[in-house]
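Participant: Provide a 3D model corresponding to the input given below.
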Amino acid sequence: MGELETVFKTNFGTIDWIIVFVYICIPVVIGIWVRKYITQLSDFLVAGRSLRLFLAIATMTGTELGLVTVMYNSELGFKHGFSAFHVGVIEAICVLAIGLTGFIVYKLRQMEIMTIPEFYERRFGKRTRIIGGTILALGGILNMGLFLQAGARFMMGVTGYANAAGAKVFMSVMLIMVLIYTVYGGMISVVLNDFLQFVVLSIGMIVGSYFAISAIGWDKLFEIPKAVNNQSWFSPVAEGSDFGSIYVLFMVIVSLSAAALWQSGTIRALSAKSPKIAKQLYAWSSISYLARRIIPMLWGICAFIFFSHMLIPSTEKAVIGVFQGAEPLKSPQYGMPIFIGKVIGTGWLGLLAAGMFAAFMSTHDSYLLCWSSVITQDIVSPLRKKGLSDKKRILITRISIVVIGLFLLIWGLWFEAPVSLWNYMAVTGTIYLAGAFTVVVAGLYWKKASSTGAIIALFAGLIAVLGIGPWTNIDKAFKLDEKSFISLNAKGAPPEIVNKLKELENEIILGKENFIEAIESRIGKEQAPTYDSLIIACAKQGIRYSITEQSMLDLKSKKLPDNIIQKLAPIQNKIFVGKENFIENINILMDKNEHPRYRSSIILCAADRVPWYLTDKFIGVATFFIAFAGMIFGSLLFPDKNKSAEARS
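Facilitator: Numbers count the residues shown, from 1 in each chain. Got it, this is the predicted structure:
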């Protein structure tokens, strides 16, 4: 059994498959059953604006606690420990503040609008609505671009399926199930299923937490793992933390704007029975918002601790090293689902998997309906002079749902984000949120806000696209070492190919394209396409690490003891490929009690780093400030000459 097969082995059995299959049939039946109750557009999009408080809380929680939510939060916990909790705490405080004050949502519910761009038109005109709707749809669809990928990785991890091709199968099946009942039932089926899934998810989260903590033990849970830095494990602004103060500021801005204006959540407030219930919805939902963050993060922390102590029998290395690889199957996102699959027994595992699949469906149905309704209501309909009947609007919405679903499948299969899953979502969300938050706040609370300022602010949000570009990540380095050649022989590479590649042994090459060119130069362009994927898979790959003279100076400025810095002298100016390889060499040079304490600082000073102005967090913060500046200067320089009484109010 190979390394990955050993790591991926879980307790998922036949009975678990039966439980999952039976459960996922329920939403499809509900979607088909409620179709007869869809008589008008408001039924399809906002459930007739009839949601009472408890049902609104349940459906909002069901939507916002999606499987992708569990995955990106568990990844944060797995990579950053308890310091990741700041994201959940900030978000809960923002949601509670909105609930107590009614900031934005109370006035929007009073206006009885269906979508945020509808407000744009009432306040700033039709052109602003069309532009805002287009940017909202773009940002929203890109934001959910990796939902399918994350869902497939969870199912692969928990079921123990260690084959990259499995992602395509899981993604396709999961998408088909969601499309069927969302297209048929609209918001009514979404609300009913979200309520059902709220109950299932609540039970599943409690059961999962019990097994996760039991597998680790309370005593080990709060012990700082040897593989991490003491301070950064608990504080997001500690030295050596991957977060930092700019990131915390980014989370405050994103959390407040998303809580108030993220369409899939705001649509619940717009569906509430009254503005008062819309406020209460946010106040009470702050509890579930905190839980949806903290519990998955806790699972990720438990998974990290569990795999830090678990060894691979064939190599006697800690399993945790597998999740630091560059290949998709070695992504940290697999850490939590594989851990859950190992510590929960058959039967209970099937129930939890069904609950997580429920979470996947509850988010997808709402998001698909949300963005398709924006396309219909805020882009297509305003462009039609004669307008559209409710029947045509529902048809266009259903077609949009299918088209968006197909895009998500293609995007999820081919795009690998250069940043973490949560950072990808925060940045793509900023494409819409930076402009929307600025425009809505100014439109509601500033009488001088103009349509020109609104359009400038909306377009400013597009700057956030830069936050998911390849420049936000360092190019990986590749090296063919002794283990690479052993792996090539074991996987059936022809001897003549292996011999030609010997010329590249231990040579470090930066960038995948450069590595492929080096392969072509050795084995020929005709044979390279046949073997390059295999060679890349067998090569050691990752970020370059090197202790340079500047690294030594940086370590001194961080006040590391001189005796620790001197111990690094034997590896000064040597280049290492991948964090795991670099850590192994640090561990050799230092005592076991020394390297955990100083390792984060050493890694930070040795790694290739992205300039601060190209980081996703800086681009995200800058986008919001540019949008606000655009609104202010645009409104003051180009005021609206003729405003309706409604606009002035």
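Participant: show me the contacts for the closest residue to Leu148 other than its chain neighbours.
Facilitator: Nearest non-adjacent residue to Leu148, counting by CB to CB, 6 or more residues apart in numbering: Gly412, 4.0 Å away. All C-beta spots, glycine's among them, are computed from the backbone N, C-alpha and C. Applying CB atoms under 8 Å, 6 or more residues apart in numbering, we find Gly412 in contact with Gly145, Leu146, Phe147, Leu148, Gln149, Ala152, Met171.
Participant: quick one, strands of this structure?
Facilitator: 477-479, 509-510, 540-542, 544-546, 575-577 (DSSP state E).
Participant: now intersect the contacts of Gly412 with the helices, please.
Facilitator: Phe147, Leu148, Gln149, Ala152, Met171 (DSSP state H).
Participant: could you dump those to JSON lines with pLDDT, distance to Ile98 and neighbour count?
Facilitator: What follows is the ones in helices among the contacts of Gly412, written out as JSON lines (pLDDT from 0 to 100; distance: CB to CB, whole Å; neighbours: other CB atoms under 10 Å):
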{"residue": "Phe147", "pLDDT": "86", "distance to Ile98": "25", "neighbour count": "28"}
{"residue": "Leu148", "pLDDT": "84", "distance to Ile98": "30", "neighbour count": "27"}
{"residue": "Gln149", "pLDDT": "86", "distance to Ile98": "31", "neighbour count": "27"}
{"residue": "Ala152", "pLDDT": "87", "distance to Ile98": "33", "neighbour count": "25"}
{"residue": "Met171", "pLDDT": "76", "distance to Ile98": "34", "neighbour count": "22"}
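Participant: can you add distance to Gly244 and give those back as CSV?
Facilitator: Output for the ones in helices among the contacts of Gly412, formatted as CSV (distance: CB to CB, whole Å):
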residue, distance to Gly244
Phe147, 27
Leu148, 31
Gln149, 27
Ala152, 31
Met171, 34
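Participant: how about low-confidence regions in the stretch 351-500 of the chain?
Facilitator: Applying pLDDT under 70 to the stretch 351-500 of the chain flags the ranges 362, 418, 470-475.
Participant: at 90 what do you get?
Facilitator: 351-421, 465-479, 481-498, 500 (pLDDT under 90).
Participant: ok, now which ones touch the nearest residue to Leu351 once chain neighbours are set aside?
Facilitator: Spatially, and ignoring its direct neighbours in sequence, Leu351 is nearest to Ile19 (6.0 Å; CB to CB, 6+ apart). By CB under 8 Å, 6+ apart, the contact set of Ile19 is Gly347, Gly350, Leu351, Ala353, Ala354.
Participant: distance-wise, check the second one relative to Trp422.
Facilitator: Distance, Gly350 to Trp422, by CB to CB, to the nearest Å: 28 Å.
Participant: between these two, who's got more neighbours?
Facilitator: Gly350 (25 against 19; other CB atoms under 10 Å).
Participant: hmm, Leu136 is touching Ile116, no?
Facilitator: Yes: between Leu136 and Ile116 there is a contact at 6.6 Å, judged by CB atoms under 8 Å.
Participant: now the common contact residues for the two.
Facilitator: The contact lists of Leu136 and Ile116 share Gln263, Ala436, where a contact means CB under 8 Å, 6+ apart.
Participant: if we can go back for a sec, nearest to Ile246, of the strands of the chain?
Facilitator: Proximity to Ile246, assessed across the strands of the chain by CB to CB, is greatest for strand 544-546 (23.6 Å).
Participant: could you list every helix and strand that that closest one packs against?
Facilitator: strand 575-577, helix 579-589, helix 595-606 (3 or more CB pairs under 8 Å, 6 or more residues apart in numbering; DSSP states H and E).
Participant: which among the contacts of Gly412 gets closest to Ala454?
Facilitator: Closest approach to Ala454 among the contacts of Gly412 (CB to CB): Gly145, at 26.5 Å.
Participant: from Gly387, how far out is that closest one?
Facilitator: From Gly145 to Gly387 the distance is 32 Å (CB to CB).
Participant: so which of these two has more stuff around it?
Facilitator: Shown here are Gly145 and Gly387; by other CB under 10 Å, Gly145 has more neighbours (20 against 9).
Participant: that one touches Leu408, doesn't it?
Facilitator: Yes: in terms of CB under 8 Å, Gly145 counts as a neighbour of Leu408; the distance is 6.3 Å.
Participant: which residues touch Pro382?
Facilitator: Glu121, Lys126, Arg129, Ile130, Gly133.
Participant: coming back round to it: pLDDT at the residue nearest to Leu351, what is it?
Facilitator: Looking at Ile19, its pLDDT reads 88.
Participant: how about the one 10 residues further on?
Facilitator: According to the per-residue confidence, Val29 scores 64 in pLDDT.
Participant: please shift the residue numbers so they start at 24 in all later answers.
Facilitator: Right, with 24 as the first residue, what we last looked at is Val52.
Participant: circling back to that earlier point, any idea how far Gly373 is from the residue nearest to Leu374?
Facilitator: Ile42 is 3 Å from Gly373, where distance means CB to CB.
Participant: now do Ala630
Facilitator: Look at Ala630 and Gly373: by CB to CB, they are 41 Å apart.
Participant: equivalent analysis for Ile433, please.
Facilitator: In terms of CB to CB, Ile433 sits 30 Å off from Gly373.
Participant: same deal with Ile609?
Facilitator: Relative to Gly373, Ile609 is positioned 42 Å away (CB to CB).
Participant: could the strands of the chain be laid out in CSV, adding mean neighbour count and distance to Ala477?
Facilitator: Formatted as CSV, the strands of the chain follow (neighbours: other CB atoms under 10 Å; distance: least, CB to CB, whole Å):
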stretch, mean neighbour count, distance to Ala477
strand 500-502, 25, 46
strand 532-533, 19, 44
strand 563-565, 20, 45
strand 567-569, 21, 45
strand 598-600, 22, 49
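Participant: and of these, who's closest to Pro298?
Facilitator: Per CB to CB, nearest to Pro298 of the strands of the chain: strand 563-565, 52.7 Å.
Participant: that closest one: partners in the sheet, and parallel or antiparallel?
Facilitator: strand 500-502 (antiparallel) (DSSP bridges).
Participant: please name the nearest non-neighbouring residue to Ala487.
Facilitator: Distances taken as CB to CB, 6+ apart place Thr453 nearest to Ala487, at 3.9 Å, with adjacent residues excluded.
Participant: touching, the one you found and Ala281? I think so.
Facilitator: No: look at Thr453 against Ala281 with CB under 8 Å: they stay out of range, at 9.2 Å.
Participant: so between those two, which is more surrounded?
Facilitator: Thr453 (33 against 25).
Participant: next up, the contacts around the more buried one.
Facilitator: Gly162, Val277, Gly484, Ala487, Gly490, Gly643, Thr646, Phe647.
Participant: redo the residues you listed as a markdown table? Include neighbour count and distance to Ala541.
Facilitator: Shown next, in a markdown table, are the contacts of Thr453 (neighbours: other CB atoms under 10 Å; distance: CB to CB, whole Å):
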| residue | neighbour count | distance to Ala541 |
| --- | --- | --- |
| Gly162 | 25 | 39 |
| Val277 | 27 | 41 |
| Gly484 | 29 | 41 |
| Ala487 | 28 | 35 |
| Gly490 | 27 | 31 |
| Gly643 | 29 | 36 |
| Thr646 | 26 | 38 |
| Phe647 | 25 | 42 |
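Participant: and those residues, which is closest to Ile424?
Facilitator: So of the contacts of Thr453, ranked by how close each gets to Ile424 (CB to CB), first place is Gly162, at 17.7 Å.
Participant: no further queries at this time; thank you.
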